[in-house]
Structures are given as structure tokens and as C-alpha cells.
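[1] below: sequence and its predicted model.
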Protein chains: 2
Amino acid sequence: MPTLAETAGLFADRTRAAFCQALLDGRAWSAGELARHAGVRPSTASEQLSRLVAGGVLTEERQGRHRYVRLAGPEAAALVEALTSYAPDTPRPRSLRASVQLGAEARARTCYDHLAGRLGVALADAMIARGLVADESGLTVTPAGRAWLAGLLGREQPPGARRPLVRSCLDWTERRPHLAGALGAALCATALERRWVRRVGSGRAVRVTPEGTGAFRELLGVEV
Amino acid sequence: MPTLAETAGLFADRTRAAFCQALLDGRAWSAGELARHAGVRPSTASEQLSRLVAGGVLTEERQGRHRYVRLAGPEAAALVEALTSYAPDTPRPRSLRASVQLGAEARARTCYDHLAGRLGVALADAMIARGLVADESGLTVTPAGRAWLAGLLGREQPPGARRPLVRSCLDWTERRPHLAGALGAALCATALERRWVRRVGSGRAVRVTPEGTGAFRELLGVEV
DNA sequence: GGAACGGTTCGGCGCCGCCCGAACCATCCC
DNA sequence: GGGATGGTTCGGGCGGCGCCGAACCGTTCC
């Protein structure tokens, strides 16, 4: 088992941290894309990616002359998320450019495999208000919620899954929880699949389509 | 808000990591104790502690010529715990001395503010078996569990608390979950207060007293 | 075949961060 | 007051890490 310092060291670098946060969109990125994104040379990116892969944070798949990497799993994503959103005290200033980017992501974005931002929080609120998810001693899915989810997916959820059905994930723009876990992932996958939201740009930001506006209203009474 | 790299950097050092892990026992340590524990000079410890305090991981209280530090809160403890127990692959060898220490902690120890080790896992199993805690879509406290807890504490639990009543915390010796959250903390506090367990040595390890053996058997049917 | 492209390896450079010892300050005890 | 103890500050040394450029390798496309 790696030591605490070793694990933390994997993230304790501007470049590697930028890689991990970019990969929070849950997709696979090529080495070159990540290098450009983080503003480093390909050689640097190559070395740093190797460290993250060796540390078990990322997995890689080679395709021809491309090297694609993604987060190794939900645990790795949760770790990145936890470290990112650890905010003991007051906020600090940001650049204008970063603020614009942040604006898009604040509206709606993906957080590894589920929806976040104002959209994610609104969906979470609606599901709690409608009794699909209960907020007593942590978040749980109610029987009504299970039925709702089964209806949405057209199938039952496997009950014995290792992963919790729903997990609370603190939203770093809204400072309020949104829905992670298997339910959050299923909802996000459905939304992408049925074109309720579309990815915009290369980052995590997504935009709600007209169909999505109607679907979210009909499904949960959410106005976006 | 600090960046991911900055937050991770706080833990990405052998000495600071040792401090944080020692403080996982939930108590306040003096600077000198931590320095000896980590095997560094007092001057080094002083500087590193200042960094952890500035980063919001620790809080300090000065008493006379002593400087006591403790983990800043459950969030900080959860972060240390998550980074410590992130084990993507295979275990590595340990020194003999470390193994002995580990043996004591494997039996029973505190994990920030709740009980862990074989004792912690056994208690968690018993509470699930008796229907006090349910393991569907994450851990939740059942109505019976609430009543049980109220009886133990002699008072109701405040329902509107921010902190989840129960949280699953992966045990890094047992590789199985034990009970964290407010319930875990209350149980641990009660056990220490009523002398069911006693701290042994300066670390996290605890020993079950004869009274404790009886209490755990009567309360939850757990044989330790 | 040749050119373009993505990625990797290697040497080298510069900086940062960790640690120590020495001096100093504050508190506590006699 | 004087001595002992716990803690802090400061200068300095050393190692390691992150970065780059250059050379190289394999794939893809013409």
C-alpha cells in the first residue's frame, strides 16, 4: 500500500493536478491534448502521465500512435474531487479568463460521471423535494426513487452493486450537494444519451438542449 | 479556494504526513511530541506545523509554552483517511517493528473520532445484523437504530445536524467498512467515557477492558 | 518511399523545499 | 534571580523534482 505522502505527492504538482481535473469529465484524453491544456511540452506531459499511471490514478489505452488516459475509477475521481473541494476558509481572486470559463461550468457541467453545477444541484433538490431521495442521516434512495429510476432506465438497478446507489458530492461552485453515486451516473448517462445536454467545448461544461429543458421539466419539474 | 495541487502538497511530505496520521487519533498533540514521533528536530516540526495550520488542515491552541495542534475537523480527517487508504494495487513489505505496532492497531484503534480495526468492523457488522443500520444504497440508520442510540446516550440526537449520522469508512487493516459519522463518534466517545476501551501507548491503538467485553456482548452480542 | 505527426527517452538546468544547527524568546520551576 | 524546558526564527546546505530541447521511434497518410 502506498504511503499517504506518496499518494498525495501524485497530485501535488500543478501539471499533474491540471491533468486530473481535466479528466474529471470522465472521458479519455490523449497525451497531446492534456499537454496543450496544461501548457507544457509533450515530453513533460509524457513523463507526468507515466507517474500518474504508475500511481494507479489513471489507466491508459494505446491506440496506434495515440496514448489515451482516463481516471482509473470512481475512487480516484472521488479523491480528486475531495482534494479539489477542500476549502477551509475564504476564497481567493481569479483571472478574468478563468472566471469566464468558470461561468460556463457553474451553470452545468459533468463531475466525473454525474451532473454538477446549478443544474446538478437543482436536480438534486427536485429529487429530494419529490421524495425520490431522502436526506436523513446522509442521502438514500427511497422506494419511490427506485421505481422512478427503473422507469427512467427501463430496467431494474442491480441491488447488490458495490457502489452506493447515491452519494452526496459537494458542489464547489454552489457549495451545496449534488447527486453522485450510481444514480447520479445513470442520470448523467441518460441525459447525454438522449441529448438532453450536450458537451460544449473541451472541458466539463455542458449545455441543456431544448429537448432537455422539456425533459427536466416533465421528469422532475425543474426549470433550467 | 486553494488549488488541488496546493492542498495535496500539504500532505505530500513524509513528515507532515506522519503528523496528520498521528493526529488521526483525534487528540491534540504538542509540537514536541509530534517531532519525536516523526523523527525530526523541533525546528523542523515547528515550520511544518505552521504550514499545516496555514493550510487549514490543523488548528492550534497555545497553552503557556506549549503548542497543541489537532485536526481541524471531520473533513480534514476524512481527507487524511481517504489519502491513506487509497490502495489501487498490491501491498508492499513492512519493517518488523512497524508490523508489531500494526498488530496492536489492527485489533482495535480509533480512527479520528470513531472506532476501527477488528473491533470497529465487528461492531459495524453487529449493528447491521441487528437491523440498527441498513446497508442499502450506502449506510443509513434505521428507526430502530435511532432508538438504540437514544437509549445509549440517554438523549435524542439532534436531527438537523450537518454531519451525516453514519458514514462508511473503509478500514485499511480489515479492508471492510466500519462506522464513522456522528453515530460512530458517539459510540466511540461513550466507550472511552465508560471505560469500555482504554488507550494504550501514544498511538491510536486501544484495548478492550473487561467491562467493555461485557458491555459489547450485552449491547450488541459482539464477542471480542 | 518520404513526410508529417504523436509520443518517448535522455541529459541537463534551475528552483524549490526539506532539514539541520545555532541563536533567541517565553514560560515554568526552584 | 538562575536554570531548565518547549518552541520559534534564521541562515545555509543539499537533494530532488519539474521543465525543456534534442534526438529518436512508431504510426499514418500521401
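    It's in.

[2] could you check how far the residue of chain A found nearest DNA strand C is from residue A:132?
    Across chain A, the shortest distance to DNA strand C (CB to the nearest atom of the strand) belongs to residue A:32, at 2.5 Å. All C-beta atoms are positioned from the backbone trio N, CA, C, and that covers glycine. The spacing between residue A:32 and residue A:132, counted by CB to CB, to the nearest Å, is 42 Å.

[3] equivalent analysis for residue A:68, please.
    36 Å.

[4] circling back: neighbour count winner among residue A:32 and residue A:132?
    Between residue A:32 and residue A:132, counting by other CB atoms under 10 Å in any protein chain shown, residue A:132 is the more crowded of the two (21 against 13).

[5] distance check, the residue nearest to that one when sequence neighbours are not counted against DNA strand D.
    Nearest non-adjacent residue to residue A:132, counting by CB to CB, 6 or more residues apart in numbering or on different chains: residue A:145, 3.6 Å away. From residue A:145 over to DNA strand D the distance is 43 Å, taken as CB to the nearest atom of the strand, to the nearest Å.

[6] count of neighbours near residue A:145?
    Residue A:145, neighbours per other CB under 10 Å, totals 21.

[7] ok, now residue A:218?
    Using other CB under 10 Å, residue A:218 has 9 other residues around it.

[8] and it, what element?
    Using DSSP states H and E, residue A:218 sits within helix A:210-220.

[9] alpha carbons of that helix, as CSV, please.
    Output in CSV follows, covering the C-alpha atoms of helix A:210-220 (Å, rounded to 0.1, in the frame of the first residue of the first chain):
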residue,chain,number,x,y,z
PRO,A,210,-34.3,22.4,-25.8
GLU,A,211,-35.3,18.8,-25.5
GLY,A,212,-33.5,18.7,-22.2
THR,A,213,-35.4,21.7,-20.9
GLY,A,214,-38.7,19.9,-21.6
ALA,A,215,-37.5,16.6,-20.3
PHE,A,216,-36.2,18.0,-17.0
ARG,A,217,-39.5,20.0,-16.5
GLU,A,218,-41.6,16.9,-17.2
LEU,A,219,-39.5,14.5,-15.3
LEU,A,220,-38.8,16.5,-12.2
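
[10] sec struct for residue A:224, please.
    When classified by DSSP: H, G, I helix; E, B strand; the rest coil, residue A:224 comes out as coil.

[11] burial count for it?
    Count around residue A:224 with other CB under 10 Å applied: 16.

[12] wait, residue A:108 sits on residue A:118?
    Yes - taking contacts as CB atoms under 8 Å, residue A:108 lies within contact range of residue A:118: 6.7 Å.

[13] the more surrounded of these two?
    Between residue A:108 and residue A:118, residue A:108 has the larger neighbour count (other CB under 10 Å), namely 24 against 17.

[14] residues touching the more buried one, list them.
    Counting by CB atoms under 8 Å, 6 or more residues apart in numbering or on different chains, residue A:108 makes contact with A:115-120, A:197, A:205-208, A:224.

[15] residue A:179 too?
    Residue A:179 makes contact with A:114-115, A:120, A:123-124, A:127, A:133, A:139, A:166-169, A:187, according to CB under 8 Å, 6+ apart.

[16] in a strand, it, correct?
    Yes - counting by three-state DSSP, residue A:179 is located in a strand.

[17] for it, give the beta-bridge partners.
    Residue A:179 has the following beta-bridge partners by DSSP bridges: residue A:168.

[18] ranges for the helices of chain A?
    Here chain A has its helices, by DSSP state H, at A:4-11, A:14-22, A:31-38, A:42-54, A:74-84, A:96-107, A:117-129, A:143-153, A:181-193, A:210-220.
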